[in-house]
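A.B. asks: return atomic coordinates for the entry below.
(one chain, ligands or ions: 1)
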Amino acid sequence: MTAISVGGNRPFTGCLRVPGDKSISHRALMIAALGRRPCAIKGLSDGDDVVRTRLAVEALGARVEVAESGEVTVTGGMSGARNPIDLGNSGTGIRLMAGLVAGFDFTTTLDGDASIRQRPMDRIMAPLTEMGASITGRGDSGSLAPLTIEGRPLRGIEYTLPVASAQVKSAVLLAALRAEGPSTVHETVPTRAHTEEMLAAAGVRLERGDCSVTLWPGEVDPPDVEVPGDPSQAAFWVVGACTAPNSDLTVENVYLGPARGGFVEVLQRMGADITVDEDSGDIEARSSELRGTLVTAQELPGCIDEVPILAVAAAAAEGTTVFEGIDELRVKETDRVAAVAELLAVLGAGCQIDGDTLAITGVGRAEALGSGTVDSRGDHRMAMAAAIAGAVGNGSMTVEGFEATHTSYPGFARDLDASWGRTP
Ligand code: S3P
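C.D. replies: Down below sits the predicted model:
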C-alpha cells in the first residue's frame with residue numbers, strides 16, 4: 001500500500017486540465033464496440049476503470065488501436081469473449097457491460113475486484129431479467145459478481161428506476177438496443193444523461209422527457225468523440241481553491257451537461273466564488289468564506305460522486321451542512337458514509353448521521369482543520385478528498401492507500417504538486 005503525506009496551507013493557483021470524463025469514456029468505448037466503422041476517441045480517461053473497459057470491448061471482439069498521443073480508435077465487433085472479463089473496481093463498467101452483452105448470442109462472465117464483488121447487482125439484474133436476459137450471480141442472493149450472462153432474445157420494457165441510478169438506466173438502454181420493440185425508463189430524479197446523449201448522437205431513435213427516455217432498437221453509428229474533462233475530478237481542485245487562502249485556479253474544458261455540475265451550485269450556495277464559462281467549460285474558483293447549506297435528496301444524484309470532497313468543504317465552512325438521501329453512498333466503491341465520517345473525525349469537524357441524513361458542522365476555516373492519518377479504503381475519491389483536506393489545512397495529512405487514485409486519476413499527485421505554491 002502506498003501512503004503519501006500532504007503538508008498544507010498553500011494556495012491553489014494557475015490552470016489545469018483533468019482527465020477525460022470517466023462516465024463518457026466508458027460509454028464511448030462500449031457504443032463504439034457496437035458500430036461498424038472505425039471510431040476515434042480523443043481525451044479518454046487514463047484511469048484504470050476505463051482501461052478495463054477498453055480491454056473488455058477488445059476481448060468481446062472490437063478492434064482497438066491506441067496511438068502514442070493517447071487517441072484510441074475502436075472498430076466495432078461483438079463476437080464474445082473467451083475468458084471472464086475483469087472490470088476491476090468499476091461499477092459503471094460491470095453494470096453497463098451487463099446491459100451491452102445481454103442481447104447477444106454468446107455467454108459472458110463479468111467480474112471485478114473485492115469491492116465490486118460486494119456491490120449490489122440485483123438493481124440491473126431485475127430489469128434485464130424482465131427483458132428476457134439470463135443472468136446468474138454469486139452468493140446467497142445470487143446477485144453478486146461474478147455475473148454470467150447467457151445471451152437471449154430480449155423484449156422492450158417499461159421500467160421505473162427504484163433507485164436514482166444512471167448505471168441502471170444505462171444498462172437497460174444498452175440492452176434495449178437489441179430488444180424487440182421500444183423500451184422506456186422513468187426516473188423520479190434525473191440522473192446523468194450521457195447514454196441518451198451519446199446514443200442519440202450515434203443515430204439511435206430516442207425520445208427524452210424531463211424524467212423519462214424511450215429508445216427504439218436499431219443500428220448504432222457512433223461518431224468520433226472528444227471527451228471533455230471530468231467534472232467529478234475538477235471538483236477536487238475547485239474545493240481546494242475555494243477553501244485555501246490566496247487561491248485562484250481555473251480547471252479548463254470541463255463537461256457541464258445535465259446532472260454533473262451540482263457541486264458548483266452547492267458550493268456557490270455556501271458562498272464560494274466560482275465562475276463557470278458555459279462555452280469553454282472552464283471553471284474558475286477563488287478563495288472564499290464558506291458557510292453551511294442544505295443539499296436535498298432531490299439534488300444529491302447531481303453531485304453523488306462529489307460528496308466526499310463537498311464534505312471537506314463543509315468541514316472547513318462556518319455552520320452546518322446537511323446532505324439528505326445519502327443511502328446510495330453506502331454502496332459505492334466503499335461505504336462512503338462511514339469513510340466520510342472517519343475523515344471528518346480526523347479533520348475535527350462535527351458529523352452526525354441520522355438515517356439517510358448526514359450533518360457536518362465545520363470548523364470555520366481551512367487553517368483550523370485537524371490532520372492525521374486517513375485510510376482511503378481502496379476508494380479513489382476518498383483518497384483524493386483526504387489529500388485535498390491535507391493540502392488546505394495547516395498540519396500534515398497522511399493518506400494511506402493513495403494508489404486508489406489510479407482508478408480514475410493516475411496524475412492526481414502530479415497535479416497536486418503543480419497546482420499550488422505559486423501566489424497569484
Ligand atoms: C455513473 C453513475 C453513478 C456514479 C458513478 C458513475 C455512471 O452511479 O456514482 O460514479 O457513469 O453512470 P449510480 O448510477 O449507481 O448512481
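
A.B. asks: list the residues that contact the closest residue to T357 other than its chain neighbours.
C.D. replies: Leaving aside its sequence neighbours, T357 sits nearest to E324 (CB to CB, 6 or more residues apart in numbering; 5.3 Å). The way it works is simple: take the backbone N, C-alpha and C, and place the C-beta from them, glycine included. By CB atoms under 8 Å, 6 or more residues apart in numbering, the contact set of E324 is L294, V295, T296, A297, L300, D356, T357.

A.B. asks: shouldn't the fifth one be in contact with F323?
C.D. replies: Yes: when contacts are counted by CB atoms under 8 Å, L300 is listed as touching F323 (6.7 Å).

A.B. asks: compare the two and say which is more crowded by neighbours.
C.D. replies: Counted by other CB atoms under 10 Å, L300 and F323 do not tie: F323 has more neighbours, with 27 against 23.

A.B. asks: before we move on, what SS does that one have?
C.D. replies: At F323 the chain is in strand, as set by DSSP: H, G, I helix; E, B strand; the rest coil.

A.B. asks: list the contacts of it.
C.D. replies: V295, L300, V307, L310, A311, T357, L358, A359, I360.

A.B. asks: quick one: contacts for the last one?
C.D. replies: Residues touching I360, when contacts are defined by CB under 8 Å, 6+ apart, comprise G292, A311, A314, A315, T320, T321, V322, F323, L344, A349, G350, C351.

A.B. asks: are any of those residues buried, and which?
C.D. replies: G292, A311, A314, A315, T320, T321, V322, F323, L344, A349, C351 (16 or more other CB atoms under 10 Å).

A.B. asks: okay, those in JSON lines with pLDDT next?
C.D. replies: Formatted as JSON lines, the buried ones among the contacts of I360 follow (pLDDT from 0 to 100):
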{"residue": "G292", "pLDDT": "98"}
{"residue": "A311", "pLDDT": "99"}
{"residue": "A314", "pLDDT": "98"}
{"residue": "A315", "pLDDT": "98"}
{"residue": "T320", "pLDDT": "98"}
{"residue": "T321", "pLDDT": "99"}
{"residue": "V322", "pLDDT": "98"}
{"residue": "F323", "pLDDT": "98"}
{"residue": "L344", "pLDDT": "98"}
{"residue": "A349", "pLDDT": "98"}
{"residue": "C351", "pLDDT": "98"}
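
A.B. asks: list just the nearest of the residues you listed to the ligand.
C.D. replies: Nearest to the ligand out of the buried ones among the contacts of I360 is F323 (CB to the nearest ligand atom; 14.5 Å).

A.B. asks: what are the bridge partners for that closest one, then?
C.D. replies: On the basis of DSSP bridges, F323 takes part in beta bridges with V295, L358.

A.B. asks: so which residues on the stretch 201-350 of the chain come close to the ligand?
C.D. replies: Residues of the stretch 201-350 of the chain lying close to the ligand by CB under 6 Å from any ligand atom are I304, D305, E328.

A.B. asks: hmm, back to that, what would the contacts of I360 look like in TSV with secondary structure?
C.D. replies: Conversion of these to TSV gives the following (three-state DSSP):
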residue	secondary structure
G292	coil
A311	helix
A314	helix
A315	helix
T320	strand
T321	strand
V322	strand
F323	strand
L344	helix
A349	coil
G350	strand
C351	strand
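
A.B. asks: out of these, who's nearest T334?
C.D. replies: Ranked by distance to T334 (CB to CB), the contacts of I360 are led by A311 at 14.0 Å.

A.B. asks: pull the longest strand from the chain.
C.D. replies: Longest strand in the chain, counting residues (DSSP state E): strand 144-150.

A.B. asks: which neighbours do L300 and F323 share?
C.D. replies: V307.

A.B. asks: if I pick the residue lying closest to V18 once chain neighbours are set aside, what's in contact with it?
C.D. replies: Nearest residue to V18, sequence neighbours excluded (CB to CB, 6+ apart): Q233, at 3.8 Å. Shown in contact with Q233 (CB under 8 Å, 6+ apart): V18, P19, M384, S408, Y409, F412.

A.B. asks: over to A59?
C.D. replies: Going by CB under 8 Å, 6+ apart, A59 touches A81, R82, N83, I85.

A.B. asks: please apply the same query to G395.
C.D. replies: G7, G8, L369, G370, S371, G372.

A.B. asks: who wins on neighbours among these?
C.D. replies: L369 (27 neighbours).

A.B. asks: can you pull the contacts of it?
C.D. replies: Applying CB under 8 Å, 6+ apart, the residues near L369 are G8, A315, A316, L347, G348, A349, V363, A389, V392, G393, N394, G395.

A.B. asks: wait, the third one sits on V363?
C.D. replies: Yes: under the contact definition of CB under 8 Å, A316 touches V363, with a separation of 6.7 Å.

A.B. asks: which one of the two has more residues nearby?
C.D. replies: Ranked by neighbour count (other CB under 10 Å), A316 and V363 place A316 first, with 28 against 18.

A.B. asks: would you say G14 is within a strand?
C.D. replies: Yes: counting by three-state DSSP, one finds G14 located in a strand.

A.B. asks: neighbours around it, how many?
C.D. replies: 17.

A.B. asks: per-residue confidence at it?
C.D. replies: Per-residue pLDDT puts G14 at 94.

A.B. asks: for the contacts of A59, which one is nearest A338?
C.D. replies: So of the contacts of A59, ranked by how close each gets to A338 (CB to CB), first place is I85, at 29.7 Å.

A.B. asks: quick one: contacts for that closest one?
C.D. replies: By CB under 8 Å, 6+ apart, the neighbours of I85 are L55, A56, A59, L60, M97, T108, T109, L110, D111.

A.B. asks: which of the residues you listed are buried?
C.D. replies: L55, A56, A59, L60, M97, T108, L110, D111.

A.B. asks: measure the last one to T373 for me?
C.D. replies: Using CB to CB, to the nearest Å, one obtains 32 Å as the distance from D111 to T373.

A.B. asks: and if you look at the fourth one?
C.D. replies: In this structure, L60 and T373 are 42 Å apart, going by CB to CB.

A.B. asks: in the stretch 1-150 of the chain, what residue lies closest to the ligand?
C.D. replies: Counting by CB to the nearest ligand atom, the stretch 1-150 of the chain gets nearest the ligand through S23, at 3.2 Å.
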